[in-house]
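Q: Need coordinates for the below:
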Amino acid sequence: MAEIKTTKNDASVEAFLKKTVKDEEERKDCEVILKMMKQASRQEPQMWGASIIGFGIYQYKSPTTNRSGDWFMLGFSPRKQNLTVYLMPGIAHYKDLVSKLGKCKTGGSCLYIRKLADVDVKVLKELINTAYKNMKAITGKK
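A: Got it, this is the predicted structure:
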C-alpha cells in the first residue's frame, strides 16, 4: 500500500504563502481565511504536504481502503484556479450553509472559491466555525 504523501511538516506557512501567492488580492483572501481558521480552531497553522495549510489534527480510518493516519481538522490551499477550503468530514454535512455562500463549487470535503468577493464572508466564517466544532465533537477533542 502506498504511503500517504500529505503529512504535517515543519515548513513555514508564512514563507509558503509569500512564495506561492503572488497576486495581492489572492494573498489578502488567504490572510482572511487564515485568520478565520485560527479563530475557529484556536490552533496555529501548520503545513501539510507542500501546499495545504491545516489546523488541528485527528486520527482517521477509511472504511473503504482500511487506510489510517493523521489529518487536519480544517484547512485550505491557494491553488492556481481556486482557493480550496477543506471542511471535514465532508461538504454534504453543510449543504444549508453552502447554499447561502454564493459563487462556489464543491466536491467531497472541498469547497472551491475563486475569490472571497464571490461569496458571503459571514457565511464562510460560520461554515468554518461549524465544521471545526463538528470535528471536535466527532473526534472527542476538547
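
Q: quick one: contacts for I52?
A: By CB atoms under 8 Å, 6 or more residues apart in numbering, the contact list for I52 reads T6, F72, G75, F76, S77, Y86. C-beta: built from backbone N, CA, C; applies to glycine.

Q: got a pLDDT number for it?
A: Looking at I52, its pLDDT is 97.

Q: Repeat that for K61.
A: 79.

Q: Could you do T65 as well?
A: 77.

Q: same question, E14
A: 96.

Q: That one sits in which helix or strand?
A: Assessed by DSSP states H and E, E14 sits inside helix 13-20.

Q: what's the following helix or strand after that helix?
A: Once the chain leaves helix 13-20, the next helix or strand it forms, by DSSP H and E, is helix 24-41.

Q: The contacts of I52 into a markdown table, with extra columns for pLDDT and neighbour count?
A: As requested, those are exported to a markdown table (pLDDT from 0 to 100; neighbours: other CB atoms under 10 Å):
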| residue | pLDDT | neighbour count |
| --- | --- | --- |
| T6 | 87 | 17 |
| F72 | 95 | 24 |
| G75 | 98 | 25 |
| F76 | 98 | 26 |
| S77 | 98 | 20 |
| Y86 | 97 | 24 |
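
Q: got a list of contacts for stretch 123-135?
A: Residues outside stretch 123-135 that contact it (CB under 8 Å, 6+ apart): 33, 36-37, 40-41, 55-56, 58, 73-74, 85, 87-89, 93-94, 97-98, 100-102, 111, 113, 116, 141.
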